[in-house]
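Colleague: have a look; sequence and predicted model below, questions after that.
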Amino acid sequence: MRLTGPARTIVDVAEAGVAPEQVIRATAQAIDRGLTTPSRLREAAHGRGRRVEKLVEVALAGTGR
């Protein structure tokens, strides 16, 4: 059984239109808990649209990464 990883899940909800504050919070929690990395998030967001890529960058900036 295949599971979706944290980075993919965060990008999926960002693309689906979940509130930016929730995406930012989920990003910070996932990184703080060691579930993903900034590079994995950037890779997952690549090609998913300018809005999603920008939201991931804003979320990462909020974590200081």
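Modeller: Yes, it's here. Numbering: from 1, shown residues only.

Colleague: how about the residue nearest to the spatial centre of the chain, what does it touch?
Modeller: For the chain, the residue sitting closest to the mean C-alpha position, by C-alpha atoms, centre = their mean, is residue 10 at 4.2 Å. Counting by C-beta atoms under 8 Å, 6 or more residues apart in numbering, residue 10 makes contact with 23, 26, 27, 30, 36, 41, 44, 56, 59. Any C-beta I mention is one placed from the backbone N, CA and C, and that applies to glycine too.

Colleague: could you rerun that using 6 Å?
Modeller: Contacts here follow C-beta atoms under 6 Å, 6 or more residues apart in numbering; on that basis residue 10 touches 26, 27.

Colleague: in the helix or strand encompassing it, what's buried?
Modeller: Residue 10 belongs to helix 6-16 when elements are defined using DSSP states H and E. With burial defined by 16 or more other C-beta atoms under 10 Å, the residues of helix 6-16 counted as buried are 6, 7, 8, 9, 10, 11, 14.

Colleague: tabulate the residues you listed in TSV, adding columns for pLDDT and distance to residue 52.
Modeller: What follows is the buried residues of helix 6-16, written out as TSV (pLDDT from 0 to 100; distance: C-beta to C-beta, whole Å):
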residue	pLDDT	distance to residue 52
6	96	15
7	97	12
8	97	12
9	97	13
10	97	10
11	97	6
14	96	5
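
Colleague: for the residues you listed, which one is nearest residue 51?
Modeller: Closest approach between the buried residues of helix 6-16 and residue 51, by C-beta to C-beta: residue 14, at 8.0 Å.

Colleague: does the closest one touch residue 54 like I think?
Modeller: No. Using C-beta atoms under 6 Å, residue 14 and residue 54 do not qualify as a contacting pair, with a distance of 9.6 Å.

Colleague: rewinding a little: now the buried residues of helix 6-16 as JSON lines including distance to residue 64?
Modeller: Formatted as JSON lines, the buried residues of helix 6-16 follow (distance: C-beta to C-beta, whole Å):
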{"residue": "6", "distance to residue 64": "18"}
{"residue": "7", "distance to residue 64": "18"}
{"residue": "8", "distance to residue 64": "23"}
{"residue": "9", "distance to residue 64": "22"}
{"residue": "10", "distance to residue 64": "17"}
{"residue": "11", "distance to residue 64": "20"}
{"residue": "14", "distance to residue 64": "19"}
